[in-house]
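> Give me a 3D structure for the following:
(one chain, ligands or ions: 1)
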Amino acid sequence: MILEATKPGQDPALEQEFNPWLAAEARFNEAATLLGLDEGLQKVLRTPTMEVTVYIPIQMDDGRIEVFTGYRVQHSLARGPAKGGIRFAPDVTLDEVRALASWMTWKCAVVNIPFGGGKGGVICDPSVLSQGELERITRRYTADIIEILGPERDVPAPDMNTNEQTMAWIMDTYSMHKRTTVTAVVTGKPLDLGGSRGRPAATGRGCLFVTLQALRKFHMEPSQTSVVVQGFGNVGGNAARLMHKAGMKIISVIEYDGAVYNPNGIDPVALDAHRKATGSITGFPGAEDIDREEAMFLPCDVLVPAARENVIHSRNAQKINARIICEGANGPTTAEADRILQQRGVFVIPDILANAGGVTVSYFEWVQDRQGFFWNEQLVNGRLEEIMVNSFRDVVSYAERHNVHNRCAAYMLALDRVAFAIKLRGIYA
Ligand code: GLU
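So this is what the prediction gives:
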């Protein structure tokens, strides 16, 4: 489900602040300057490798023909094939996909997996499309970008409003064109089609692992920890479930159509069952309904924004009442809000670290597909934990050593790794 980002309205300042590509640039510039990165390398790293726009004609169920716009951006291939999800949403823009593609490059570098970064998007509203229409959009989009896909070139995955089924269609379309079954062309597939155990919950599980590390750092007990989760989809839903299981108290869950609150804790499994039965998290017997805005500003130990970009911005960052923010979503905090949170001493676990669990298990899936040898869930989760814990330590110790905030440290680490790969490879002419 789509959790609406706060709309900038007519305010040109917010319009700028909410542009994800400008936000990505701001973070990039800060880290590149502090690293003293060569100007030429900065140019390379700032510019996507390839951007493709396709116009997808689709016959709708009622016989009409509609044309949808799709994008695939490959930001960097320096450290390996492009890796990153495909999102379906009515307000997808090229700037957004471009920013998300660059975040994938940095994310893969932060957790040190051998991928570059990419992202795709199709402008459509899945809530008004039938399964058949979604399938046709997915297949035609795949066919139209097929030259730039491949297990060694660009490996998509699910993102907002896409799922296992979408990945199965992409895998099938690609395989039909190649006349051979190529499971490693996408990750996040169903288990029976070369998917990995542990992939669906991986992003949420990664959030749990880094949050536990942050709690340890501040000598906080999980059982004494209150959590507010914004977004109850794949990321927020699994993060809430796993944090609850780890003993933390989920005091509020916020969705696009309302929020629920219980200071004594909400059981996310029961909340999910309630939503399945009624279509909404509101009216849940185990909690009271509260205002969504109010819920965002509840005093809590951990806030997990796990929905969309720009939910924490210059106009509301002052009101955030969390000790720790674990960014399950991509880009939930604007660059302006970063500064405010920093001044207020909020410990931010930045998106390119906090939500890297998804792409990490995507990497495991790709490895398993290429080997044709599959791991059990314990092995997947154990290896995920190792990577998330080590990456958390790398970022936080880098931040402390260089006296920068966590996001900047994550960017600096990532930029340095990607720049080094480019230096080693050299510039082909
Ligand atoms: N869409 C997810 C992300 O933003 C996963 C990407 C992947 O697994 O390739 O990290």
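> interface residues of the stretch 1-150 of the chain facing the ligand?
Within the stretch 1-150 of the chain, the residues that sit near the ligand (Cβ under 6 Å from any ligand atom) are Lys83, Gly84, Gly85. All C-beta spots, glycine's among them, are computed from the backbone N, C-alpha and C.
> which parts of the longest helix seen in the chain are buried?
For the chain, the helix that runs over the most residues, judged by DSSP state H, is helix 377-402. For helix 377-402, the neighbour count (16 or more other Cβ atoms under 10 Å) marks 380-381, 383-385, 387-388, 391-392, 394-396, 398-399 as buried.
> quick one: which of these is nearest to the ligand?
Distance to the ligand across the buried residues of helix 377-402 (Cβ to the nearest ligand atom) is lowest for Leu384, with 12.2 Å.
> And the pLDDT at that closest one?
Here the pLDDT value assigned to Leu384 is 99.
> From Ala201, how far off is the closest residue to the ligand within the stretch 151-300 of the chain?
Closest residue of the stretch 151-300 of the chain to the ligand, Cβ to the nearest ligand atom: Ala157 (3.2 Å). The gap separating Ala157 from Ala201 is 14 Å, by Cβ to Cβ, to the nearest Å.
> quick one: which of the two has more around it?
Ala157 (27 against 24; other Cβ atoms under 10 Å).
> I figured the more buried one was touching Pro81, is that so?
No. Applying Cβ atoms under 8 Å, one finds Ala157 not in contact with Pro81, separated by 11.8 Å.
> got a list of contacts for the helix or strand where Glu135 lies?
Assigned by DSSP states H and E, Glu135 belongs to helix 131-144. The contact list for helix 131-144, computed with Cβ atoms under 8 Å, 6 or more residues apart in numbering, reads 54, 56-61, 68, 70, 86, 88, 120, 122, 124, 126, 129, 149, 162, 166, 169-170, 172-174, 177.
> Kindly report the residues of the stretch 151-300 of the chain close to the ligand.
So the stretch 151-300 of the chain meets the ligand at Ala157, Asp159, Thr187, Gly188 (Cβ under 6 Å from any ligand atom).
> the strands in this structure, which residues?
50-59, 65-76, 82-89, 117-123, 154-158, 226-230, 249-255, 258-261, 288-290, 300-305, 322-326, 347-349 (DSSP state E).
> Any chance of those strands in JSON lines with mean pLDDT and distance to Arg339 as columns?
Formatted as JSON lines, those follow (pLDDT from 0 to 100; distance: least, Cβ to Cβ, whole Å):
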{"stretch": "strand 50-59", "mean pLDDT": "98", "distance to Arg339": "30"}
{"stretch": "strand 65-76", "mean pLDDT": "98", "distance to Arg339": "25"}
{"stretch": "strand 82-89", "mean pLDDT": "98", "distance to Arg339": "27"}
{"stretch": "strand 117-123", "mean pLDDT": "98", "distance to Arg339": "25"}
{"stretch": "strand 154-158", "mean pLDDT": "98", "distance to Arg339": "32"}
{"stretch": "strand 226-230", "mean pLDDT": "98", "distance to Arg339": "21"}
{"stretch": "strand 249-255", "mean pLDDT": "98", "distance to Arg339": "24"}
{"stretch": "strand 258-261", "mean pLDDT": "98", "distance to Arg339": "27"}
{"stretch": "strand 288-290", "mean pLDDT": "98", "distance to Arg339": "29"}
{"stretch": "strand 300-305", "mean pLDDT": "98", "distance to Arg339": "17"}
{"stretch": "strand 322-326", "mean pLDDT": "98", "distance to Arg339": "14"}
{"stretch": "strand 347-349", "mean pLDDT": "98", "distance to Arg339": "11"}
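> Cheers, nothing more for now.
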